[in-house]
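A.B. asks: show me the folded form of this:
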Amino acid sequence: MSDKNSKYLAFSGIPTFWRTPQSRDINGVDIVVMGVPFDCGVSNRSGARLGALAIRQMSLHTGNFCHPWDFDIKDRLNIVDYGDVGMSVGGNTTNYMIEDTYQHALNIFSRGARLFTLGGDHTIPYGLVRAAKERFGKIALVHFDSHQDSLDGENGNAIFHGTFTHDLAAEGTVDAAHSTQVFIRTDMPNEHGYNILYAKDTFYMEPSEVARKIRENAGDLPVYITFDVDGIDPAYTPGTGTPVPGGPSTAYVREVLRHLEGLNVIGGDIVEVAPQYDAGEITSLAAGVIAGDIIQLMGRSILSSR
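C.D. replies: All right, here's what the predicted structure looks like:
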């Protein structure tokens, strides 16, 4: 096989995300991809600490094609894989992860790059979104999930993957009134007034209509997209810690994301991939293409601002 076609061999090469260079030199970089292999915050099945590795491996395949996007953002912007942060053993692993991810994210944002993070469980947005707020101001959160994750973290004393939306809104990092939680199909408090699109209601909506509501809610605020793979139906993403039946297909979700083009997406993450529960790597595959879609949105936001 010729060298020009060797990039299509997903079983070879160093598994950085999309085969981008691994570097912590972010001068002149447009988008940084970072891993946070953390799952100390789970309430059901563990294993999301292996998610970033699985998504990177699958990205060697998913990164070969940019369909349905009209151009490949890799060809126009400088993207690097930053490696992993937030790892620790022993006591206070959650506090360490939050502070370490915050410091790295703040450095990345302050250098003018945007950030996409591979989790990890849904505790990881704490430091990431706080850093985004320091750089861009109050954030509109677009939260794809089957759960609202809106329990009270009790000022840091009860943090786990079910508390971040409550806590980030309570401290003023996230503007809940301009934020949207999408494909929800469980019941939790909504003390701060997030806009909720329940999965049962989206069944009767076109993806473009779901996207329109998200865009209207966000307005002109900078947007952070956090994507829990259990937002998708477990028929398509079985490899996750807290699956909930009754969600959309991967194809439907991708169409929603495609219709979000035009939002000022300054950061994002994908979380809760637990590969040991996967079937034929379909969860990692879904996470790989969805991560790519969010990065495509982020890149187009960068290009439109130039």
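A.B. asks: pLDDT wise, what is the nearest residue to Tyr194 once chain neighbours are set aside at?
C.D. replies: Excluding the flanking residues, the one nearest Tyr194 by Cβ to Cβ, 6 or more residues apart in numbering is Ala176, at 4.7 Å. Where C-beta positions appear, they are placed from N, C-alpha and C, glycine not excepted. What the model reports as pLDDT for Ala176 is 98.
A.B. asks: what does Met1 give?
C.D. replies: Reading off the model, Met1 has pLDDT 49.
A.B. asks: ok, back up a step: wait, the residue nearest to Tyr194 touches His192, no?
C.D. replies: Yes - counting by Cβ atoms under 8 Å, Ala176 does reach His192; the two are 4.0 Å apart.
A.B. asks: what touches both of the two?
C.D. replies: 165, 169 (Cβ atoms under 8 Å, 6 or more residues apart in numbering).
A.B. asks: and those two? Which one has more around it.
C.D. replies: Ala176 (22 against 17; other Cβ atoms under 10 Å).
A.B. asks: so who does the more buried one touch?
C.D. replies: 141, 165, 169, 192-194.
A.B. asks: one more pass at 7 Å, please.
C.D. replies: Counting by Cβ atoms under 7 Å, 6 or more residues apart in numbering, Ala176 touches 169, 192-194.
A.B. asks: would you point out the most distant pair within those residues?
C.D. replies: Set against one another by Cβ to Cβ, the contacts of Ala176 have their most distant pair in Ala169 and Gly193, with a gap of 8.3 Å.
A.B. asks: of the two, which one has the most company?
C.D. replies: The neighbour comparison of Ala169 against Gly193 (other Cβ under 10 Å) goes to Ala169, with 22 against 11.
A.B. asks: separation between that one and Val210?
C.D. replies: 22 Å (Cβ to Cβ, to the nearest Å).
A.B. asks: chain center to the lengthiest helix in the chain, what's the gap?
C.D. replies: In the chain, taking DSSP state H as the definition, the longest helix is helix 282-304. In terms of Cα atoms, centre = their mean, to the nearest Å, the centre of helix 282-304 is found 9 Å from the chain centre.
A.B. asks: just the mean pLDDT for the helix or strand encompassing Gln181, thanks.
C.D. replies: According to DSSP states H and E, Gln181 maps onto strand 180-184. Here strand 180-184 scores 99 as its mean pLDDT.
A.B. asks: list of residues touching it?
C.D. replies: Strand 180-184 has contacts (Cβ under 7 Å, 6+ apart) with 142-146, 148, 194-199, 202, 210, 213-214, 217, 231, 247-248.
A.B. asks: again, but for stretch 95-107
C.D. replies: Under Cβ under 7 Å, 6+ apart, the answer for stretch 95-107 is 34, 36, 38, 85-86, 88, 115, 124, 126-128, 130-131, 134.
A.B. asks: with stretch 224-234 instead?
C.D. replies: 122, 125, 129, 132, 139, 141-146, 182-183, 237, 240, 242-250, 253, 265-273, 283, 286-287, 290, 294.
A.B. asks: which of the residues you listed are buried?
C.D. replies: 122, 125, 129, 132, 139, 141-146, 182-183, 237, 240, 242-244, 247-248, 250, 253, 265-273, 283, 286-287, 290, 294 (16 or more other Cβ atoms under 10 Å).
A.B. asks: which stretches of the stretch 51-200 of the chain form helices?
C.D. replies: 51-62, 93-110, 125-136, 164-170, 199-202 (DSSP state H, counting those that start in this stretch).
A.B. asks: so which of those helices is nearest Asp25?
C.D. replies: Among the helices of the stretch 51-200 of the chain, the nearest to Asp25 by Cβ to Cβ is helix 93-110 (11.5 Å).
A.B. asks: what comes up buried for the closest one?
C.D. replies: 94, 96-98, 100-102, 104-109.
A.B. asks: now the strands for this structure?
C.D. replies: 31-36, 79-84, 114-119, 140-144, 180-184, 195-198, 223-228, 265-271 (DSSP state E).
A.B. asks: would CSV of these with distance to Gln57 be doable?
C.D. replies: Output for the strands of the chain, formatted as CSV (distance: least, Cβ to Cβ, whole Å):
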stretch, distance to Gln57
strand 31-36, 12
strand 79-84, 12
strand 114-119, 11
strand 140-144, 22
strand 180-184, 26
strand 195-198, 32
strand 223-228, 18
strand 265-271, 14
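A.B. asks: which one of the ones you listed lies nearest to Asp70?
C.D. replies: strand 265-271 (17.1 Å).
A.B. asks: give me the angle between that closest one and helix 93-110.
C.D. replies: Angle of strand 265-271 versus helix 93-110, following axes from the mean of the first three to the mean of the last three Cα atoms, to 10 degrees, is 150 degrees.
A.B. asks: please state the offset of strand 265-271 from the chain centre?
C.D. replies: 4 Å.
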